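Colleague: Have a look at this prediction, sequence included:
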Amino acid sequence: MKTVSSLLNEEWYKRYKRISKLNIRSSIYDVTNRCNLRCKGCFFFSSGEHKAAPEEMDIGKWETFIHGEMARGVNLAILIGGEPTLCLDRVEVFYSRLPTFCATNGLIKVPRDRFPHMMVGISLWGDEEDEKTLRGRDTFSISSRHYAGDPHAYYLYTITPKQMGKIERLVKKIRDVGLKVHMQLLSNDEGVDQFFWTPEQLKDMRNEMDHMLDQYPDTVISSKYYHRIITTGKMLDRSFGWDECPSVTEPLDKRDPGPKRLIGFIRWASDLKTMHRCCTSETRDCSTCKDGAAHMSWVMVNKRAHIRSEEDLKGWIEVYEMFAKLYQFIPW
Ligand code: SF4
Ligand code: SF4
């Protein structure tokens, strides 16, 4: 029988042991329904999730709610929205109690005297031209000033088909301001013309992402196995989609048979009562979903299936390490 130790040499086994001790239980929270941008293709607004429930305005209710979340075992709070930095008092309620990650467009700086170690993921949708087309402004020029050299921040670069051949310029800009970058692919939820992926583009993009990782290993937080999975939608001999997705809100998950999934995962709306279907758009067709975190989690929850060859298991370890770095469970 194949076992972890029989497939790995000493060095890889140590890496495996380091992550196998982690017991990450995440959930996602819409901190607010508002944002200071309106990006074309934002899953939150395009699916009407901002209207799903009214925001809870009483900060005491947020405190009580978070104690309930901790009691059910959540040890990683992922804050999204809307734009969480519009409601720093709510962000603080999480940060003062739990390991917390805050997604932001970077236009408002998280004050580091108040949130010294909170991991901040800054969204970036391409170069100046793409950002102006999709988001109405070039956010990098502002966010890079706010976060240059910050050890607890990285760019979450959503790559579009129009970025083909242009990624390196942005990766260098990110390196030059002393930050890291993690890449994912646009799902184009609002059908913006020329932003759909073709199979050929996905293949080329995989090569480009691999090349970036080879060239800038100190800046790019990624893995080639992850690139393969997000560009092909395939893992081992399986295809990503509704039947396989691990990031469905647990109390709403009626799939039978259920796939391997994130234990206890819930995506909460900002009324702290309503639950959304999954980690991303309520209305997205799962067959077109390119959500990076869902694909990453898909690998992570399927450890057993990867204990079939040295290559598969190493791929699993690299994806797990990538996730653990992005959420500060292990150092960069
Ligand atoms: S900044 Fe984020 S939350 Fe705001 S509109 Fe853009 S994608 Fe949506
Ligand atoms: S849209 Fe994506 S993350 Fe949501 S259930 Fe479908 S596959 Fe999963």
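Modeller: All right, it came through fine. Ligands and ions are numbered 1, 2, ... in the order given.
Colleague: show me where the stretch 151-300 of the chain has helices.
Modeller: Secondary structure of the stretch 151-300 of the chain (DSSP state H, counting those that start in this stretch): helices at 167-176, 199-215, 224-232, 292-300.
Colleague: which stretches of this structure form strands?
Modeller: Ranges of strands in the chain, per DSSP state E, are 26-30, 76-80, 100-104, 119-124, 153-159, 180-185, 234-235, 238-239, 267-268, 275-276.
Colleague: Report the buried residues of stretch 178-197.
Modeller: Buried positions in stretch 178-197, judged by neighbour count with 16 or more other C-beta atoms under 10 Å: 179-189, 192, 195, 197. For the C-beta atoms, the positions are set from N, CA and C on the backbone; glycine is no exception.
Colleague: try stretch 258-275
Modeller: Residues of stretch 258-275 classed as buried: 259, 261-262, 265-272, 275 (neighbour count, 16+ other C-beta under 10 Å).
Colleague: Quickly name whichever of those residues is closest to ligand 2.
Modeller: Set against ligand 2, the nearest of the buried residues of stretch 258-275 by C-beta to the nearest ligand atom is Arg267 (9.2 Å).
Colleague: which residues does that closest one bridge with?
Modeller: Taking DSSP bridges, one obtains Ile28, His276 as the residues bridged to Arg267.
Colleague: That one contacts Glu282, doesn't it?
Modeller: No - at 9.3 Å, Arg267 does not count as touching Glu282 under the criterion of C-beta atoms under 8 Å.
Colleague: Now the common contact residues for these two.
Modeller: Common contacts of Arg267 and Glu282, defined by C-beta atoms under 8 Å, 6 or more residues apart in numbering, comprise His276.
Colleague: Show the model's pLDDT score for the residue of the stretch 101-250 of the chain found nearest ligand 1.
Modeller: Of all residues in the stretch 101-250 of the chain, Asn105 sits closest to ligand 1, at 3.8 Å by C-beta to the nearest ligand atom. If you check Asn105, the pLDDT there is 98.
Colleague: Now for it, how many residues are close by?
Modeller: Residues near Asn105, counting by other C-beta atoms under 10 Å, number 23.
Colleague: cool, and Leu156?
Modeller: 20.
Colleague: dump the residue contacts of the nearest residue to it once chain neighbours are set aside.
Modeller: In space, and not counting its chain neighbours, Leu156 is closest to Gly121: 4.5 Å by C-beta to C-beta, 6 or more residues apart in numbering. Neighbouring residues of Gly121 by C-beta under 8 Å, 6+ apart: 101-104, 153-156, 182, 326.
Colleague: so Gly121 bridges to which residues?
Modeller: Note on Gly121: beta-bridge partners Ala103, Tyr154, judged by DSSP bridges.
Colleague: Restricting to C-alpha, output stretch 72-91 in CSV.
Modeller: Output of stretch 72-91 as CSV, limited to C-alpha atoms (Å, rounded to 0.1, in the frame of the first residue of the first chain):
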residue,chain,number,x,y,z
ARG,A,72,-18.1,26.3,16.0
GLY,A,73,-14.4,26.0,15.3
VAL,A,74,-13.6,28.7,12.8
ASN,A,75,-9.9,29.6,13.1
LEU,A,76,-9.5,31.7,9.9
ALA,A,77,-11.8,34.6,9.1
ILE,A,78,-11.7,35.7,5.5
LEU,A,79,-13.2,39.2,5.1
ILE,A,80,-14.6,40.3,1.8
GLY,A,81,-17.6,42.4,0.8
GLY,A,82,-18.0,44.9,-0.7
GLU,A,83,-15.0,46.7,0.6
PRO,A,84,-14.1,45.8,4.2
THR,A,85,-12.0,48.8,4.8
LEU,A,86,-15.1,51.0,4.7
CYS,A,87,-16.0,49.4,8.0
LEU,A,88,-12.8,49.1,10.0
ASP,A,89,-14.7,48.7,13.3
ARG,A,90,-16.2,45.5,12.1
VAL,A,91,-12.8,44.3,10.7
